[in-house]
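Trainee: coords below, sequence missing:
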């Protein structure tokens with residue numbers, strides 16, 4: 001039997017939950033689907049599915065095979081479009097995923113110019129603070145602020161796009177009302193706008209040369225949304241600690257004032273530098289449309305002050 005076909009039927013059977021439904025989608029009888037699965041089990045010398053009258057469930061070996069089979073099939077299915085991409089040039093559908101805050105400030109600003117330059121590309125932009133499985137959702141590239149276990153998978157490529165300082169900032173109106181902190185310890189007496197970290201007391205760390213300081217700040221507002229914290233800072237509700245790319249335009253326009261400029265700063269246990277990564281499938285590495293998009297994004301990030 002064709003091994004790829006066996007794997008495809010195995011994945012579809014698990015996804016649909018029954019031999020009959022998988023058979024319906026593949027135009028096969030339930031008995032034929034069962035034979036395909038049995039053949040796989042004989043090939044690998046172990047049971048892959050537990051069968052009962054009510055449902056199917058994966059064995060441990062079945063779970064391992066499912067993860068690898070999905071990726072193998074995706075790699076195989078990507079061969080033709082990847083090769084065709086190189087032959088056709090920059091065209092087709094490009095699916096980009098990013099966190100909402102990153103998407104609104106770094107990706108949306110380049111969309112119009114990117115589409116005007118690449119009239120044969122259709123863009124799908126998914127902005128969500130939840131990570132997506134790139135293979136399952138057919139994502140070409142995900143823009144992320146951290147590394148994760150998934151990123152270490154051999155089928156994925158990680159490319160660092162940029163690195164920024166974090167900026168302590170507040171509106172001129174807030175500083176007129178509450179005063180301007182001269183050193184990190186002064187923040188203990190101010191209203192601060194902080195990220196929500198599992199209800200832990202917010203601590204900001206500061207570094208100047210070899211010296212480090214930790215300040216337990218009073219959190220006037222906690223939020224999981226970077227954009228919410230930026231907007232509240234603009235409204236004069238407190239002092240925020242933000243990635244430089246997210247507030248650079250506000251500081252240049254005088255809407256926010258950068259504070260404690262002699263110090264590197266970071267919230268809780270995050271690195272002092274705020275990094276952004278592009279994560280994409282290894283099979284898409286040579287895609288012209290992806291290469292051009294990442295080049296365009298890197299230019300936007302340089303303009304936003306990336307080191």
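Mentor: It's in. Keep in mind that what you see is a predicted model, and the values were worked out from it rather than measured.
Trainee: going by C-alpha atoms from here, please, whenever you check contacts or count neighbours.
Mentor: Will do.
Trainee: tell me the secondary structure for residue 96?
Mentor: Going by DSSP: H, G, I helix; E, B strand; the rest coil, the secondary structure assigned to residue 96 is strand.
Trainee: report the contact partners of it.
Mentor: Counting by CA atoms under 8 Å, 6 or more residues apart in numbering, residue 96 touches 123, 124, 125, 126, 139, 140, 141, 142, 143.
Trainee: cool, and residue 34?
Mentor: For residue 34, the contact set (CA under 8 Å, 6+ apart) comprises residue 19.
Trainee: quick one, phi/psi of it?
Mentor: Dihedral angles of residue 34 (phi, psi; degrees, to the nearest 10) stand at phi -60, psi -40.
Trainee: just the buried ones from the contacts of residue 96?
Mentor: Buried residues within the contacts of residue 96, defined by neighbour count using 16 or more other CA atoms under 10 Å: 125, 126, 139, 140, 141, 142, 143.
Trainee: the third one and residue 127, how far apart?
Mentor: Read that as residue 139. In this view, residue 139 and residue 127 are 12 Å apart by CA to CA, to the nearest Å.
Trainee: now the common contact residues for the two.
Mentor: Contacts common to residue 139 and residue 127, judged by CA under 8 Å, 6+ apart, are residue 97.
Trainee: not counting its neighbours along the chain, what's nearest residue 128?
Mentor: Nearest non-adjacent residue to residue 128, counting by CA to CA, 6 or more residues apart in numbering: residue 99, 5.0 Å away.
Trainee: just the pLDDT for the closest residue to residue 178 other than its chain neighbours.
Mentor: Leaving aside its sequence neighbours, residue 178 sits nearest to residue 190 (CA to CA, 6+ apart; 7.4 Å). Per-residue pLDDT puts residue 190 at 96.
Trainee: just the strands in the stretch 201-307 of the chain please.
Mentor: Assigned by DSSP state E, counting those that start in this stretch, the stretch 201-307 of the chain shows strands spanning 203-208, 211-216, 218-223, 239-243, 257-259, 264-267, 274-281.
Trainee: touching, the residue nearest to residue 178 and residue 237? I think so.
Mentor: No: counting by CA atoms under 8 Å, residue 190 sits too far from residue 237 to count as a contact (10.3 Å).
Trainee: residues near the residue nearest to residue 178, how many?
Mentor: 19 (other CA atoms under 10 Å).
Trainee: ditto for residue 213
Mentor: Each residue near residue 213 was counted by other CA under 10 Å, and the total is 13.
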